[in-house]
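1. Have a look at this prediction, sequence included:
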Amino acid sequence: MNHFLKLLDLSGDEILELLNTADQLKYEQKNGIPHRRLEGKTLAMIFQKSSTRTRVSFETGMYQLGGHALVMNAADLQMGRGEPIQDTARVLSRYCDGIMIRTYAQEDVEALASEGSIPVVNGLTDFSHPCQILADLMTIREYKHVLSGLKLAFIGDANNMSNSLIVGCLKVGMQISVACPEKYPFDPRILEFAKAYEGFRLTTDPRAAAQGADVLETDVWASMGDEGEAEQRRRDFAGYQINGDLLALAKPDCMVLHCLPAHRGEEITAEAFESHADQIFDEAENRLHAQKAVLVSCMGA
Ligand code: CP
Ligand code: NVA
């Protein structure tokens, strides 16, 4: 694999192969088995938005793989003063072995990849969050032992998380039902992709989506960049919440996932969150292992 830009670019088999590598790397890390597969390599990380998990898991992951990571706020780079992303890509390609970027426009990530000569990894855009979905699928497989045939219900916004979950789940043979208010339409590229799959269902009714689910997942109502709409969104998304009533409609052993950060009392109740905290923090941990698999696949020999 050259770049890791969005799950639309990968086949189901390629996603599963990354999950297998992630499982192997997790095993090696947990058992103290050295796995310095990126010895001497440098990853440049550009952040145009805040991050806790992405930043720490990539930096730690590079260290564990024998490499090094540079963390850069876009505002501190010349990029923040208008230097074109194309030139940034060409310069970083002369110093580093890979780039991870978290930004707004998916097009900027694609431009970095096409203008530079080193692998680019998407650490979240407004359109997609592929690293998170790898970790989510890895966590589901750890708990349920299979992916194919399981039903995931996503309750909430048509955003980077739900876009990528739709693609990831369908590609690995899962069913996905999404409950989202009509006012927040999905990106046409996602709907175009999903329409070929019988396992895809889009509804405005969280109860219909949650029915018989193996996994319930949600995300914030206002993503980074949507802060100005937070009040309006609180009104529009009221009822799109993972709570006891919704869990009662899902399978009795239903998992709950949340990419974090979570807003208790909004998209999830404190009770639903805390009673599934083991799963949610396993999911957060698996960012580390899943991203190490991506880094090895993109930047390895
Ligand atoms: N889930 C996630 O990407 O977390 P951060 O925003 O903290 O990186
Ligand atoms: N949809 C959220 C995900 C955060 C990890 C956001 O973009 O802010």
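-> Structure received. Keep in mind that this is a model prediction, so the values were computed, not measured. Numbering: from 1, shown residues only. Ligands and ions are numbered 1, 2, ... in the order given.
2. quick one, strands of the stretch 51-200 of the chain?
-> 68-73, 98-102, 120-122, 151-155, 175-179, 200-203 (DSSP state E, counting those that start in this stretch).
3. Now mean neighbour count too, for these, in CSV please.
-> Bear in mind the C-beta positions are built from the backbone N, C-alpha and C, glycine included. Below are the strands of the stretch 51-200 of the chain laid out as CSV (neighbours: other Cβ atoms under 10 Å):
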stretch, mean neighbour count
strand 68-73, 17
strand 98-102, 27
strand 120-122, 27
strand 151-155, 27
strand 175-179, 24
strand 200-203, 17
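4. Nearest to ligand 2, out of those?
-> Closest to ligand 2 of those, according to Cβ to the nearest ligand atom: strand 98-102, at 9.2 Å.
5. The closest one near ligand 1 anywhere?
-> No - for a cut-off given as Cβ under 6 Å from any ligand atom, strand 98-102 has no contacts with ligand 1; the smallest distance is 7.3 Å.
6. Quick check: chain neighbours aside, which residue is closest to residue 226?
-> Excluding the flanking residues, the one nearest residue 226 by Cβ to Cβ, 6 or more residues apart in numbering is residue 233, at 6.7 Å.
7. starting at the chain centroid, how far to the host helix or strand of that neighbour?
-> Here residue 233, judged by DSSP states H and E, is contained in helix 230-236. Offset of helix 230-236 from its chain centre (Cα atoms, centre = their mean, to the nearest Å): 24 Å.
8. Repeat that for stretch 161-169.
-> 8 Å.
9. what about it, near ligand 2?
-> Yes - counting by Cβ under 6 Å from any ligand atom, ligand 2 has neighbours in stretch 161-169: residue 161.
10. List the contacts of that stretch.
-> Stretch 161-169 has contacts (Cβ atoms under 8 Å, 6 or more residues apart in numbering) with 6-8, 15, 127-130, 132-134, 136-137, 152, 154, 156, 175-176, 178, 180, 186-187, 190, 193-194, 199-200, 217, 219, 259.
11. List the buried residues of the helix holding residue 233.
-> Neighbour counts using 16 or more other Cβ atoms under 10 Å place 233, 236 of helix 230-236 among the buried residues.
12. Can it be said to contact ligand 2?
-> No - counting by Cβ under 6 Å from any ligand atom, no contacts exist between helix 230-236 and ligand 2, the nearest distance being 11.5 Å.
13. Which residues are in contact with residue 134?
-> 15, 18-19, 22, 168, 290-291, 293-294.
14. Go through those residues and name the one nearest ligand 1.
-> The closest of these, once distances to ligand 1 are taken by Cβ to the nearest ligand atom, is residue 291, at 10.5 Å.
15. The strand or helix carrying that closest one packs against which elements?
-> Assigned by DSSP H and E, residue 291 belongs to helix 277-299. Packing contacts for helix 277-299, counted by 3 or more Cβ pairs under 8 Å, 6 or more residues apart in numbering; DSSP states H and E, involve helix 12-30, helix 53-64, strand 98-102, strand 120-122, helix 130-144, strand 255-258.
16. No more questions from me, cheers.
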